[in-house]
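Novice: give the three-dimensional model of this entry:
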Amino acid sequence: MDELKIGNSIFRVGLVSLSRSFRVDEKYRVTTEDGKIRREIRGIYTDYAVEIGDVDQEQYDLLIETLTSTEESQTVTLPYGRVGTITFQAAFESISDGISYIDEDDEGNDEYFWDNLTVTFTAFEPKGVGA
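Specialist: Sure, this is the predicted structure:
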């Protein structure tokens, strides 16, 4: 089990896959008369794509409510580098999951078990130059 920290909440989850991408935001980019490219970097943003599995269903429901909140962004802590983590403000985008199976509770009601949660964390603050 791994931990996913969002705000003050820690979710014990299984990280099936975790990938990151780096987005460069430029103040300007110009090609000078001699053909050289000049640019000034405003900041570098680290975005993550996460696939989550093996989560207790009660934790899963809490996680979904957190991910689908209407807040503009939330504080997220994820692995960064060989050792350590990065904490940043992020929006949760491209959230999807699916029903893994349906069971019946003791009273004959259907219970839905969700899994294969994927989410993209889009950074709101730059890391690196200009941060």
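Novice: run through the protein and note the low-pLDDT ranges.
Specialist: 1, 128-131 (pLDDT under 70).
Novice: in it, which spans are helices?
Specialist: 57-67 (DSSP state H).
Novice: residues touching E26, list them.
Specialist: Applying Cβ atoms under 8 Å, 6 or more residues apart in numbering to E26 gives the contacts 39-42. No exception for glycine: its C-beta is placed from N, CA and C like everyone else's.
Novice: so what's it bridging to?
Specialist: I41 (DSSP bridges).
Novice: where's it relative to F92, distance?
Specialist: 26 Å (Cβ to Cβ, to the nearest Å).
Novice: ditto for G98
Specialist: On the measure of Cβ to Cβ, G98 and F92 end up 18 Å apart.
Novice: who has more neighbours out of the two?
Specialist: Taking other Cβ atoms under 10 Å, G98 and F92 do not tie; F92 has more neighbours (19 against 9).
Novice: right, and the more buried one touches E72 too?
Specialist: No. Contact between F92 and E72 fails when scored by Cβ atoms under 8 Å: they sit 10.7 Å apart.
Novice: can you give me the strands in the chain?
Specialist: Using DSSP state E, the strands found in the chain span residues 2-6, 9-31, 37-53, 74-79, 85-104, 110-123.
Novice: Serialize these to JSON lines and add fields for distance to Q59.
Specialist: Putting the strands of the chain into JSON lines (distance: least, Cβ to Cβ, whole Å) gives the following:
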{"stretch": "strand 2-6", "distance to Q59": "10"}
{"stretch": "strand 9-31", "distance to Q59": "6"}
{"stretch": "strand 37-53", "distance to Q59": "10"}
{"stretch": "strand 74-79", "distance to Q59": "16"}
{"stretch": "strand 85-104", "distance to Q59": "13"}
{"stretch": "strand 110-123", "distance to Q59": "11"}
